[in-house]
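> Need coordinates for the below:
(chains A and B)
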There are 2 protein chains.
Amino acid sequence: MLHAGGVKPLAGIRVLDISRIVSGPTCAWVLAALGAEVIRVEVPGGDLTWNVPPFLGPDGPHRGPRGPRDVPLAPMRRGRSKRSVVIDVKRDEGRALLHRLAAVSDALVENFRPGATARMGIDYETLSALNPRLVYCSITGYGPDGPYRDRASMDLVVQAVSGLMAKTGFEDGPPTKVGVTIGDQVPALYAAIGILSALRQRDVDGRGQYVDVAMLDVLVALLWDEPLDDYEQRGVPERVGNTDPRGAPIGTFQTTDGWIAMVMTAETQWTQLCELMERPDLLTRWKDRRERGAQGAAVNAAVESWTRTVSTDVAIAGLTRIGVACGPVQSAWAARTDPQVAHRGMLENLRHPDLDEPGPFIGPRLPLKLSRGDMRTDPAEPLGASTDAVLRDLLELDDDELRRLHAAGVIESC
Amino acid sequence: MLHAGGVKPLAGIRVLDISRIVSGPTCAWVLAALGAEVIRVEVPGGDLTWNVPPFLGPDGPHRGPRGPRDVPLAPMRRGRSKRSVVIDVKRDEGRALLHRLAAVSDALVENFRPGATARMGIDYETLSALNPRLVYCSITGYGPDGPYRDRASMDLVVQAVSGLMAKTGFEDGPPTKVGVTIGDQVPALYAAIGILSALRQRDVDGRGQYVDVAMLDVLVALLWDEPLDDYEQRGVPERVGNTDPRGAPIGTFQTTDGWIAMVMTAETQWTQLCELMERPDLLTRWKDRRERGAQGAAVNAAVESWTRTVSTDVAIAGLTRIGVACGPVQSAWAARTDPQVAHRGMLENLRHPDLDEPGPFIGPRLPLKLSRGDMRTDPAEPLGASTDAVLRDLLELDDDELRRLHAAGVIESC
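You can find the predicted model right below:
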C-alpha cells in the first residue's frame, strides 16, 4: 500500500525560512520533507546551531573547528531538503534582497522576538505590502501581543509557565521537565498546519495572511485536553507519576530485569490478568473498573508483586497474549535497534552532499507516510551553499552583481 | 492585525471522523476549528468517552446518568464544530451508509487497530475504490505493518517503548511519564498535516491517497531531534531532570515561595546575573560558557543559593530586566487566571447547544490564529444530533427511509 516514488505533495510551494534554532526550522523542515521548495536564509555565520560540534564535512566527521563546508548535527537534521542562503538582512542591500525573495515566495516562517522583524524591516506589514499573496507565520513564546509579549522564552520556561512541568512527575517529587523540546516542536507542527490552511484559503481568494503561533498557547491547549478543572474539584493530585487516576492497573511495573508499562482498559482483561498471575483472590477483591480505580495504588502494587517475579520478555508476552496494551520501558537509545523502528525506516544515517556514503550520525525521518507522496529528502547543504544559485535563479542577479555583493559582505557562500 | 471574522480557511472540505477517544478526534477537531465540515460518525452509544461524567445537558451540569442530550467533557471539547451522526457500521445497512458518506467526502480519519477497518469493510482499499479522490488517514500505535502492528497501544505504552519516559525525569529517579497525552495529541497534528498535504496533491492530480501516522514514529522523531547518539558517546546521562547538559545556569530554582525556571543563553547575561546576585566571585570562578557547562551542577547550585533568598516575583522581575528567559513554575490549574492566557483567549467555557449561556467546564481553543481566518467554533452536539439531517442532506434519504433505519436500529438520533 505504501510506496516511495510518486510526486511531492507540496510541489510548487516556495517557503522562505528565516527562522532560528528549533521551532521555525522544524516547521520549515516538515514542509520541505513534504516537497515544498524551502529556501533557508541565515545571517553570516548562521544561527547558534552552526557552532555546535560534532561536524560532518567533506573529510568526514570531526569535532571542530568548523570548516566552510562542514555541517553540524542540528542543521544536518533540520536543514534536509532546504537550500541554504546567507544574506546579511541587517544591511540595506541585504534587506532589499530578502524583500525580493519574499515577493516571489508563497510562505515565510520566522521565530524572532515580537518587534524584531519590524525593526529589521521584514515584518508582516512590510512584506505583505510587497506580496499580498504571502502567508507569513510567526512562532513566538507568548504571542505578538499581551502582557508577556516582550519576555524572552525558551522551551523549559514555557513548560514551567504553562503548567506542563507541574503536571509531569511524581506526586511526592518536584515539577519535572518533559524530556523532549515539546514547547518548540509542537508549535512547529501547528505552524505547518496554519500555513497549509492559509494556503488553501489563498487558493480560493488569492490573498495571504498572518499566522500566529505561540508556544504558551500550544502547551496550554495540550494540557487542557484533559478536564483539569474537574480533576481539581475532585481532589485529583496535579501530577500522578506514571499512573492514571481514572483506572488500574495502569502504570510502570518493575520486572526481574527492567520495567514495563501497562494500560488495562477492557473489563474482560482483568479476569484474564488474574488468571495469568494465578491470583484468583484479586478477582473477588476488586470486582470492577470502579473498585479498581478507587484503590489504584493497591491494585498496581498487587500486579507489581507478580511482574517482579518475571522477566520483561515474559511479562510482555503474557500480557500481549491477553490483549493488554503493554511494552518495555526502553532507553531512548534503544530506537536504533528496535525492530519496529527499523521496519518503519524512522531513523537514517545523515548524509553530507559532498560524500557518497552517509556519515555516522542519525536523524529521524518525517513521521508521516503518504502512499502516493514522494517522501525522499536531500541532504542538508553547507551554510550558504545555494546563495549564488538562488539569487541568480529567482532574482536574476548576474555574476557582476553577485561579485559586488560578496565583496561588500552582503552575501556569503561556500 | 488579528481579526475574528473573515472566511473559514478549510471551507469546502468535508471530513468523515470515524475515530475514537483522543488522537483521531483531535485531528478532526483541528480541521473542524479551521473550518472544514466534519461529520463525526459513531456507533450506537458512542465511544468510551461518552460514559465519563460529568455531563452538561439541557438542565445544566450533573454527574449522571447520562441523558440523551447530555454531553460529557471529552466530546464537548473534541466535538466542537462537528456534526454528530450515529450509524451501526457493523450491520450491512450501516456499512452501506458509511460507504455512501465516504463517496461524498474529501477525507476520512480513523484510529482503529490495524486490520479492524478491513474486517468492517471500511478500509482504504474498499473506500478508495468507491471514491478515488478520498484522502484516508489512519493513526495507529505502531503503523499498519511491521512486527508490532498487532499490539495494543496506548499513550503511556508508546511513551515507554519510544524511550520518551527514559528521557524524562531525574538521573537518580525512575523513567517518568510526560504529563500530557503527547503520544496521542502530537500524532493527531501530523495526521492533520498529512491530510492537508494530500489534499494539495489532489488539487494537482485529482486523486486521494493513504496517510499513515504511527504514534511510535512520532515520539521517536520528537526524541531524535536531539543528537542522542552523540550524547551517548559523550556519556551524557539519558535523563537530566530539569537541567540541560549543554549549559548553565539552566533549570528550575527554588525561591522563598515557589520555583522558577531559567535558561541563560547569552554570554553577557552571566556578567549581569552575577551583578544582580551580588556575587562578583562567581564571575571570575566560571569565566565562559564552556567552563559553566562543564560544572553545571555547581553553577546551578550557586545561582539557587541566591534564588532561595528572594521571592518568585522578585527573581522573575530581576532576571527579566537583564533579559534572561525565565518564568514561574506554575500549577497546571494556573492557566485559568494567567493574564497572558486570558489575553490570548486560549480557554473558553464550553457551551451546550441547548443552553444560551456557557456551562462551568473549560476547554482550550485551537492554539493557532489566522489573521483573516474565521476561527469561531460551534458547540459540540449531543450524540447523534445530526444523524437525520446529514443523511437527508448528503444522501437524500427521505422520511420513510429514515424511520425504517431507526426502527431497525441501524441509526440513532436524539
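> From A:Phe112, how far off is A:Gly409?
In this view, A:Gly409 and A:Phe112 are 22 Å apart by C-beta to C-beta, to the nearest Å. Using the backbone N, CA and C atoms, a C-beta is placed for each residue, glycine as well.
> For the two, indicate the residue with more neighbours.
When A:Gly409 is set against A:Phe112 and neighbours are counted by other C-beta atoms under 10 Å in any protein chain shown, the residue ahead is A:Phe112, at 19 against 12.
> Any chance of the backbone angles for the more buried one?
The main-chain torsion angles of A:Phe112 are listed as degrees, to the nearest 10 and equal phi -70, psi 170.
> Tell me which residues touch it, please.
Under the criterion of C-beta atoms under 8 Å, 6 or more residues apart in numbering or on different chains, the contact partners of A:Phe112 comprise A:20, A:120, A:138.
> out of those, which is most surrounded?
Going through those with other C-beta under 10 Å as the criterion, the one with the most neighbours is A:Ser138, at 25 neighbours.
> beta partners for it?
A:Ser138 has these beta-bridge partners by DSSP bridges: A:Glu110, A:Asp212.
> A:Arg113 is in contact with that one, correct?
No - with contact defined as C-beta atoms under 8 Å, A:Ser138 does not reach A:Arg113; the gap is 10.1 Å.
> What separation do you get for A:Leu383 and A:Val86?
Look at A:Leu383 and A:Val86: by C-beta to C-beta, they are 6 Å apart.
> Need the residues touching each of those two.
Overlap between the contact sets of A:Leu383 and A:Val86, as judged by C-beta under 8 Å, 6+ apart, is given by A:42, A:46, A:412.
> all strands for the stretch 201-350 of chain A, in order.
A:210-214, A:250-254, A:259-263, A:325-328, A:347-349 (DSSP state E, counting those that start in this stretch).
> most packed of those strands?
Of the strands of the stretch 201-350 of chain A, the one with the most neighbours on average (mean count of other C-beta atoms under 10 Å in any protein chain shown) is strand A:210-214, at a mean of 28.
> what does the least confident helix or strand in chain A by mean pLDDT rub up against?
Least confident helix or strand, chain A: helix A:289-294 with a mean of 89, by mean pLDDT, DSSP states H and E. Applying C-beta under 8 Å, 6+ apart, the set of residues contacting helix A:289-294 from outside is A:245-249, A:267, A:270, A:286, A:299.
> mind listing which of these are in helices?
A:267, A:270, A:299 (DSSP state H).
> Please indicate which of those residues are buried?
Neighbour-count burial (16 or more other C-beta atoms under 10 Å in any protein chain shown) applied to those gives A:270, A:299.
> Out of the ones in helices among the contacts of helix A:289-294, which comes closest to chain B?
The shortest separation between chain B and any of the ones in helices among the contacts of helix A:289-294 is 11.6 Å, and it belongs to A:Glu267 (by C-beta to the nearest C-beta).
> That closest one against A:Trp286, yeah?
No - here A:Glu267 does not reach A:Trp286: they are 11.5 Å apart, not a contact under C-beta under 8 Å.
> rewinding a little: right, and the strands of the stretch 201-350 of chain A - which one's nearest A:Asp281?
Closest approach to A:Asp281 among the strands of the stretch 201-350 of chain A is made by strand A:250-254 (18.8 Å; C-beta to C-beta).
> Send me the closest one as CSV with only the CA atoms.
The C-alpha atoms that make up strand A:250-254 are tabulated as CSV, following Å, rounded to 0.1, in the frame of the first residue of the first chain:
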residue,chain,number,x,y,z
ILE,A,250,-2.2,1.5,34.7
GLY,A,251,1.5,2.4,35.2
THR,A,252,5.0,1.2,35.1
PHE,A,253,5.9,-2.1,36.8
GLN,A,254,9.3,-3.5,37.8
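> which parts of stretch A:140-147 are buried?
Of the residues in stretch A:140-147, those scored as buried under the neighbour-count criterion (16+ other C-beta under 10 Å) are A:140-146.
> is chain B contacted by it?
Yes - in this structure, stretch A:140-147 sits against chain B according to C-beta under 8 Å from any C-beta of the partner chain; the contacting residues are A:141-147.
> okay if I get the residues you listed as CSV plus pLDDT?
Converted to CSV, those look like this (pLDDT from 0 to 100):
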residue, pLDDT
A:Gly141, 98
A:Tyr142, 98
A:Gly143, 98
A:Pro144, 97
A:Asp145, 97
A:Gly146, 97
A:Pro147, 96
